[in-house]
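Visitor: build me a structure from this.
(chains A, B, C, D and E, ligands or ions: 4)
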Amino acid sequence: MSEVILKVEGLTIAFRNRKESFKAVENIGFELKKGEILGIVGESGSGKTITSKAILNLLPDNAGVTDGSISFLGRELSGLSEKEMEKLRGTEIAMIFQDSKMSLDQVYTVGSQITEAILTHEDITRDEAKKRALTLLESVRIPNAPRVFDSYPFELSGGMCQRVMIAIALSCSPKILIADEPTTALDVTVQSQILDLLKEIQRATSMGILLITHDLGVISEVADRVIVMYAGKIMESSTKTELLENPVHPYTRGLIRSMLKMDTDLEVLYSIDGVVPDIKSMPEGCRFSTRCPLVMERCRKEDPGIISVSPGHLVSCFRSVEIVRGEALE
Amino acid sequence: MSEVLYEIDNLTKYFKIRPKLFSGEKKVIHAVDKVSFSILKGETFGLVGESGCGKSTLSRTILRLEKADSGSVLYKGTDILSMDQKELRSHRKKLRMVFQQPYDSLNPRESVKDIISAPLRLHTQMGSQEREKEVLRLMDLVGLSARYINRYPHEFSGGQRQRIGIARAIAADPELIICDEPVSALDVSIQSQVLNLLKGIQKEFGLTYMFISHNLAVVKHMSDRIGVMYLGKLIEIAPKGSLYLRPLHPYTQLLMSAIPEVKVKNPSGYRPITGELPNPSDPPKGCRLCGRCPYEFERCRESSPELKEVEPGHLVACFLHPGKEETSNG
Amino acid sequence: MAKFMARRLGIAAIQILVVTTIVFVLLHMMPGDPVLTMLGSDVNHDPAVVEAIREELGLNESIPTQYFNWIKGIATGNMGKSYSEKIPVMEAIASRIPRTLELAFFALLLACLIGIPLGVISAIKRGSIVDTLLTMVASLGISTPVYVLGYLLVMVFALDVLKLGLPKMPASGYVDISRNAAEHYRRLILPTVTLSMGLAVSIIRMTRSSMLESMSGDYVIALRAKGVKRRKILSKHILRNSLIPVITVIGLQAGTLIGGTVLVENVFNWPGLSTLLVKAINYRDYPLIQGCIFVMASMAILTNLSVDIIYGVLDPRAR
Amino acid sequence: APTTPTTPSGTSAPTAAEIKDEVVIGISAEPATLDPHIQSGQATRLIKQNIYRGLMSYQPDNSKAMELAEKIELQADGITYKVTLKDGLKFHDGSNVTSDDVKYSIERILNPDSKATFGADFRLMVDKVEVVDAKVCNIILKKPSTPFLDMLALPETVIVSKAWFSNTANDPAIKAMGNGPYVFESWDKGREIKVTAFADFYKEGKPESDALRFVFYTDNATRANALRSGDVDIIDYVPSTEAIAFESAKDAVLDISVAPIMLLQFNVKTGPLADPKVRQAIAYAVDREGVISAAFMGRGIPIYGFPTLKGQNGYDGKYDNFFTEDLAKAKALLAEAGYANGFKIKILATSTYEMHKQTALVVQSSLKQIGIDAEVELPDWATRISRSNVGDYDILVSGTTGNILDMDWVTNYFASGEPRMNSSAWFADEEIDKLLEEGRTTVDEAERAVIYDKFRLRALELSPFVFINYREQIFAMSDKVKGFQNMDGILTYTSGITLENTTVAK
Amino acid sequence: MKKLGIYLENRKFVISMIILIPLIIVVIFGNRIIPNDPLEMNTTMILQGSSLRFPLGTDEFGRCILSRLILGIRPSIFVALSATAIAFAAGSILGILSGYRGGVFGNAAMRVVEIILSFPPILLAMLIVGLFGAGVRNLIVIIGILYTPHFARIAYSNTLKLRKMEYVESEISIGSSLPAILFKTIFPNILASLIIQVSLTISNSILLESGLSFLGLGVQPPDPSLGQMIGDAKTYISFNYMYLVWPSLFLLLMILAANLLGDSLRDILDPKLKSNI
Ligand SMILES: Nc1ncnc2c1ncn2[C@@H]1O[C@H](COP(=O)(O)OP(=O)(O)OP(=O)(O)O)[C@@H](O)[C@H]1O
Ligand SMILES: Nc1ncnc2c1ncn2[C@@H]1O[C@H](COP(=O)(O)OP(=O)(O)OP(=O)(O)O)[C@@H](O)[C@H]1O
Ligand SMILES: [Mg+2]
Ligand SMILES: [Mg+2]
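Guide: Ligands and ions are numbered 1, 2, ... in the order given. Sure thing, here's the model as predicted:
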């Protein structure tokens, strides 16, 4: 088995308001191995972005890791100074942000922002860096790279910004790439080219990728393993095929059922009933219990913890065994 | 046939770019190039196309957020592009847009309540309590907890921001909503919920949508008719059934075949398109697809094909598909 | 760019014309007689003499004629002759311009060198004691009138009333750079410091506010994720994103510096353009006032033009 | 001058090695013009007196001395002055000073085109100049005039070079070529004027320094600081606040002269001020000590009567205390004039000069005590001048002095006529006019004393002016300065003549 | 109540209130608490130090500095606030409008503003005094005119930057009226810079008042004003430096309060209290 490069254990992240504080992410843990693509899917607002920012130690001022550990190649990250983190960021761990347009500095050209990333970590000349940047732009399928190189972010389309962010993240061949919805603004052809590119790089450099996405199609194409998050907790984690073919957790099953396929011909699409409970009135037990079709009394009171239903397939549900056995009826 | 709401005729938008501040070298980007189509009342007009082909620009130009270089946008017969500020303002009462990058479109200094109630304040006679109730209702519709009502945009996740944008767009009974990637950041369950919502209110209030998305399944689900853009040009317009079943333009065919989940369903054995999207500031002289098109012949390189109706309601701009009249003549 | 410049320069010419016209008209509507003022108050004046001077200066012409003559002069590069200086206005002004510009330049430079870093520090340490202290110091700086500050500096550094034993500074005066360059710059120090104080405060305050604004942008997180060093993020990205208001303030100050340094020039006996203007006003020296305004307005307008161009350079969205 | 520790000229001259080659004088104003015949401010006189010299000059001992003239003899006709020039007089360009130049100079003053300050006075007095030979000429007056010699001692009646002045290429306003101890070298506009010693000066061993540099310092405090820091050696116009500070300074000396007068002028055309009783009431009411302490830090001498300085002809101190500060009397006078309940009035001063403003404020406060409600107007100097010149005021605060030592200086103030800068607007009194004329043309000193005595009494009774106080005119200099002297009384303004004796020790 | 909490947590806000509240009390009840008649001259007691009769000493006319100070703050604050308000209102409107509109209108407006800016302050002041006379009202007008371009340019430059933001466009796209776009959307987002300019302008107005008093502008003597006192006191610095110190101290306190208040408002109004660095 290949080496674990990123290990997150018992991670809890809390936001402090003026008077109150609430846990946006609670007690989550996962591992990312070398050369692996770990997909994270989950409910919008479940804490995916926050988790990935926590890995890079980039939480906003009003948020903090209150518990748990994040280790990179065995090194605990949470204790690192800002200086040491700076060295890791970009080179060892890179990130593609969800809102690509706002994540680019509006007053510098796209080109200078890519070269900056390169020059921060590598001691090469400006010209070389520019050449590299142009190559990167081309590799992310940007037409007319020289023009885009000299453009400012606001002159680009949403998809172009997104690809620029990808180029920046890839610029220093990091060991871990955290990609927060990297292809939402890309059309299918470009998307598949980008995914191919990621896979290719990953194969060549055995980079580990943490791929956050809502597109189960993308997951099915590239991910090795998948984590499903709901309301700040991990509901289920497993290999891609296992998860897509044999989802256990009711939330995962709900998600997969909600998936819109080309041949879906429903007037009203399926979606999981109900809404995410309020952070304040979060049930003591399983967080999905308020919406779960299979809910039992116990679910509301106790936290189910993690149950392994098969090797590598972890589920946070009291009824997982019944479900696997097909005993639980919705 | 139902009433034409918008008649877009030869709409053109060029961006001038100045690569360097002091160099006189001027280039233009043909972001929207002589685009003509119409949107019928109560329908959903889908718009797909390669990233950077001008979809966002087209919608912004229709809204007069960008000044068109030429062409006209007729709303029930009156040209929007020549309206004065006052007329425009009253016209905009009926218009909404869901922006592609949600965060950028939310005023950082307004709370969610202010943001969503803006159209209510403008276009309805509601009192402030009523308004608050309505805001809460809208938030609930898009799956946002009522507790968030006083939060500011930066305190939300990507998907939540997108939902704020949608809630604002459906407030105060609009007539047309231009949705630019409205569900890209949403998990599939909420995505379904939102799509159901959009369809629901369309049915209820006879809303019209222009729906831009890269997710072809979503577009298919939502749209009645779909337009395909390539490099600033509209190359194919068809009712969704006909477009998905029998795409005529080589580029559309490519697009269809690249849908991730729809594995190798290649009924007519399309030849794949190769190569990159050409430079939008220096597009090919003839057909925009020249250089990439497997069927390319002499004429394609010399003149650019016009949109022609080849089947009832199915228009395509390709010399392979001469229009109805031409066929009958020739 | 060239076209833009040409158009703006054309507009600038109109602006200057407007300014000088307004000044001309209002000046002539004002009480105060150049001839009487020129002759002084010590003796009674012979009406014949007064009349002779009026005639000689062309003050007996109608105001429109006078104005027309002035414009005609300007068009041919002749600003007339100063009543009070008795030399051509051009000459009177020409010798003052470099002195004023030099003082203004160094004061502005110093103000930026002090103001921007302190503003940045204040912003980084928002809410801390350092920030509060800086606000207090800034308040002290801006509530100290220029003449008081100048006077204090002279007391301490030139007269050494505190007996600090610092190297002695000259109290005042100006030495030509051609005569003694070292002395020239030595004498520039105190006035520069005095003048830059108020400017520095404005810059500190605007920088702080603007930095805070751009610090909260998402791109900062993204930059950090790229591994860009904190210092570089601050100095290259956040600062540049914050500079537009700061440059605006600097530009506004630069504009005022050219015509508003009277007090400093007075305290340090610096023979600049402002003192000349004040003198011209006191003497109702119309041609000289017009000339000063012409020059000052041109400089102010050019400053604004440069600021507008800098906006575009700093932030492409402002183009 | 009361406190004058400076060595009088003539003591053993220090050797060249011990003195600096130039004397730097910080002056309060930049010359408006260098034209020697135009009086353009007292500071400028300091400069011009060193470049140009006339036939005579006032000396520190209040006497009139011969300068270019060897002698000036009044001929028996009482109107012809025979002028004989000294030997070997030279202009700075090397040419000789001749009677032609004298004639040219006096004619230049007479000519209104030259705008000479004393042109009007000259035109009243002088008939013509006749050249006898290169060294001798006659100045013929229209009628006998006692003050004429005093006029010749003024710095604005100097002798200039006919050749240089009639050459239109030379602009005497900005350049200078004279016959004084120093040669005009440069005028750096806005900064300084430099003059260097003239080798052929007619006084042996003068000037004593190699050069003078006049640096312009308009700001009082800055000028004082320049002296303190050693940037300059002498400064003029030391304000009272600075004077007090200098008094305790170790390395600086003050040279003080009491000369200019603060006074009130009135517009006597209409209204309450037309009544001499009201003006007298004001004279009784004004708090002179108050003005002195507020505007001059207690430095000054109150004037309760007519300002006449010791040394001026006819001075006997008789009218020194014509008025007292007596509010009851003032009120009574007002009541007599029919203004028992006071009235409203405006005081015009200027914000440009602190002392004018402060004087006005004290006067305002004094007037309030006798029921006069005065509003103070403080426009800038130029406006103030034009308004005073046309009589556009009720009460005007003014600070001024006479030009010549002769008692005739009062003509300027009291003679009737259109409103002028220094007259109380519309004031006209036949008797006063008559007395002034008599005084001017009478030669006999005793007779003149009687005439001016009468004049003074009349003037005080009519009170077209209310005199407030004398103020100090102060020079300050470093203790290394030798030979410079602030001259007494109004002659303080001709002190520049002593610069030829001035040296500064290293 | 909860809102108040936010304010009270801000150190700068609290300090500014500690300064402002007594100051406001002094301004309001000035007439009742002055120990002496501020106009009464005691020429035998000029420039004295603190004493029982004159707690802060006397000025060059022997007037009570404390009494003059207490009454002098009022017109100074009045001038400063009114002038700043004029400049703020006129400048912001002009600046935002021209920044937003751009094009011919925006350009023309800014060029006009520059014309005002290119008048040396002293000349403008002179002209207005010469033509319209001295006095408080004209002083307010002058300072108002002088600072309008400052606000205008700051508003303009910030608006230029904001104009292309999508949230502005989204406001436009829903058919908001022009004033709503300008003042509800753009204005709050550029307010921070304007607040800073407000506190700068307040202090400059007071100093200008003393600077321009030699033109007879502003409060007419003998009535007291802060600027005038500072301007007068400088002459007497070596006799009674406290004469200069007292009014300067009051000025400092006012400006400190203005700056602290400005900063704290700026921070409190910024919803992104987080900062990323
Ligand atoms: N600055 C903040 N202050 C307070 N709450 C915040 C802040 N940022 C995020 N949150 C909250 O934290 C939760 C997790 O946010 P996060 O951005 O991680 O969601 P996400 O899983 O990335 O969702 P999405 O798929 O919609 O992007 C959300 O409920 C969000 O509202
Ligand atoms: N303000 C601008 N200045 C210059 N070029 C621009 C500007 N805005 C857009 N463009 C260019 O116009 C073209 C079309 O952009 P547009 O945003 O319309 O694409 P899009 O179809 O929406 O793409 P995406 O799906 O990636 O969002 C792009 O090449 C883009 O670079
Ligand atoms: Mg997210
Ligand atoms: Mg787009």
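Visitor: ok, C:Lys125 - contacts?
Guide: Listed by Cβ atoms under 8 Å, 6 or more residues apart in numbering or on different chains, the contact partners of C:Lys125 are C:Asp131. Placement of C-beta: from N, CA and C, glycine included.
Visitor: I'd like the distance between it and ligand 1.
Guide: 22 Å (Cβ to the nearest ligand atom, to the nearest Å).
Visitor: distance of that residue from C:Met29?
Guide: 53 Å (Cβ to Cβ, to the nearest Å).
Visitor: could you list the buried residues of stretch D:247-267?
Guide: D:249, D:252-267 (16 or more other Cβ atoms under 10 Å in any protein chain shown).
Visitor: in helices only, show me those residues.
Guide: Here DSSP state H is the test, and those give no hits in helices at all.
Visitor: name the helix or strand for the residue most central in space within chain E, please.
Guide: For chain E, the residue nearest the mean C-alpha position is E:Ile202 (1.4 Å; Cα atoms, centre = their mean). In the assignment (DSSP states H and E), E:Ile202 maps to helix E:187-212.
Visitor: off-centre distance for that helix?
Guide: Relative to its parent chain, helix E:187-212 has a centroid offset of 5 Å by Cα atoms, centre = their mean, to the nearest Å.
Visitor: do the same with stretch A:279-291
Guide: 23 Å.
Visitor: quick one: it near ligand 1?
Guide: No: remark: stretch A:279-291 sits outside contact range of ligand 1, by Cβ under 6 Å from any ligand atom, the gap being at least 7.3 Å.
Visitor: how about residues contacting that stretch?
Guide: A:22-24, A:230-233, A:235, A:249-251, A:254, A:272-277, A:292, A:295, A:298-304, A:316-318, B:145, B:147.
Visitor: any of those buried? List them.
Guide: By neighbour count, with 16+ other Cβ under 10 Å, those hold A:23-24, A:230-233, A:235, A:249-251, A:254, A:272, A:275-277, A:292, A:295, A:299, A:303-304, A:316-318, B:145 as buried.
Visitor: quick one, helices of chain E?
Guide: Using DSSP H, helices in chain E cover E:2-9, E:11-33, E:65-101, E:103-117, E:121-132, E:136-162, E:166-173, E:178-179, E:187-212, E:226-233, E:241-269.
Visitor: any residue of the second one up close to chain A?
Guide: Think helix E:11-33. No: Helix E:11-33 is not in contact with chain A by Cβ under 8 Å from any Cβ of the partner chain; minimum separation 14.8 Å.
Visitor: relative orientation of that helix and helix E:65-101 in degrees?
Guide: Relative orientation of helix E:11-33 versus helix E:65-101 (axes from the mean of the first three to the mean of the last three Cα atoms, to 10 degrees): 130 degrees.
Visitor: now the fifth one
Guide: Here the directions of helix E:121-132 and helix E:65-101 differ by 100 degrees (the same axes, to 10 degrees).
Visitor: model confidence over helix E:121-132, on average?
Guide: The pLDDT scores in helix E:121-132 average 81.
Visitor: ok, the second one next?
Guide: Throughout helix E:11-33, pLDDT has a mean value of 88.
Visitor: likewise the fourth one?
Guide: Confidence for helix E:103-117, expressed as mean pLDDT, is 87.
Visitor: what is the burial count for the residue in the stretch 51-200 of chain E positioned nearest to ligand 2?
Guide: At 7.8 Å from ligand 2, E:Lys164 is the closest residue in the stretch 51-200 of chain E, using Cβ to the nearest ligand atom. As a burial measure, E:Lys164 scores 15 neighbours (other Cβ atoms under 10 Å in any protein chain shown).
Visitor: just the one 10 residues further on next, same as before
Guide: Number of residues near E:Ile174 (other Cβ under 10 Å) recorded here: 23.
Visitor: show me what contacts it?
Guide: B:Arg92, B:Lys93, B:Leu95, B:Arg96, B:Ala118, B:Pro119, B:Leu122, B:His123, B:Arg168.
Visitor: repeat that with 7 Å
Guide: Counting by Cβ atoms under 7 Å, 6 or more residues apart in numbering or on different chains, E:Ile174 touches B:Arg92, B:Arg96, B:Ala118, B:Pro119, B:Leu122.
Visitor: and the second one, what are its bridge partners?
Guide: Following DSSP bridges, B:Arg96 is listed with bridge partners B:Ile177.
Visitor: residue in the stretch 101-250 of chain C nearest to ligand 4?
Guide: Nearest to ligand 4 in the stretch 101-250 of chain C, going by Cβ to the ion, is C:Asp218, at a distance of 18.6 Å.
Visitor: could you find the closest non-adjacent residue to that residue?
Guide: With Cβ to Cβ, 6 or more residues apart in numbering or on different chains as the criterion, C:Asp218 has its nearest non-adjacent residue at 4.2 Å, and that residue is A:Met102.
Visitor: surely that neighbour touches B:Tyr103?
Guide: Yes: in this structure, A:Met102 is within contact of B:Tyr103 by Cβ atoms under 7 Å, at 5.2 Å.
Visitor: more neighbours: which of these two?
Guide: B:Tyr103 (24 against 21).
Visitor: pop out the phi and psi values for the residue nearest to C:Asp218.
Guide: Per-residue torsions, A:Met102: phi -70, psi -10 (degrees, to the nearest 10).
Visitor: with A:Ile70 instead?
Guide: Here the main-chain torsion angles of A:Ile70 (degrees, to the nearest 10) amount to phi -130, psi 120.
Visitor: need the pLDDT of it.
Guide: pLDDT, A:Ile70: 92.
Visitor: got the contact list for it?
Guide: Residues in contact with A:Ile70 (Cβ under 7 Å, 6+ apart) are A:Val8, A:Leu11, A:Ala54, A:Ile55, A:Leu77, A:Ser78.
Visitor: switch to 6 Å and redo it
Guide: By Cβ atoms under 6 Å, 6 or more residues apart in numbering or on different chains, the contact list for A:Ile70 reads A:Val8, A:Ile55, A:Leu77, A:Ser78.
Visitor: distance of it from chain C?
Guide: 15 Å (Cβ to the nearest Cβ, to the nearest Å).
Visitor: any idea what that residue is bridged to?
Guide: For A:Ile70, the beta-bridge partners are A:Val8 (DSSP bridges).
Visitor: wait, C:Pro316 sits on A:Tyr152?
Guide: Yes: proximity of C:Pro316 to A:Tyr152 meets the contact threshold set by Cβ atoms under 6 Å, at 4.4 Å.
Visitor: not counting sequence-adjacent ones, nearest residue to residue 73?
Guide: Answering for chain A, as no chain was given. Leaving out its chain neighbours, the residue that sits closest to A:Leu73 by Cβ to Cβ, 6+ apart is A:Ile5, at 5.6 Å.
Visitor: hmm, I had chain D in mind actually
Guide: Among residues not flanking D:Glu73 along the chain, D:Lys82 sits closest, at 4.7 Å (Cβ to Cβ, 6+ apart).
Visitor: per-residue confidence for that neighbour?
Guide: As predicted, D:Lys82 sits at a pLDDT of 94.
Visitor: which residues sit against the helix or strand hosting B:Arg301?
Guide: Assignment of secondary structure by DSSP H and E places B:Arg301 within helix B:298-302. With contacts defined as Cβ under 6 Å, 6+ apart, helix B:298-302 is touched by B:Gly286, B:Cys287, B:Cys290, B:Phe319.
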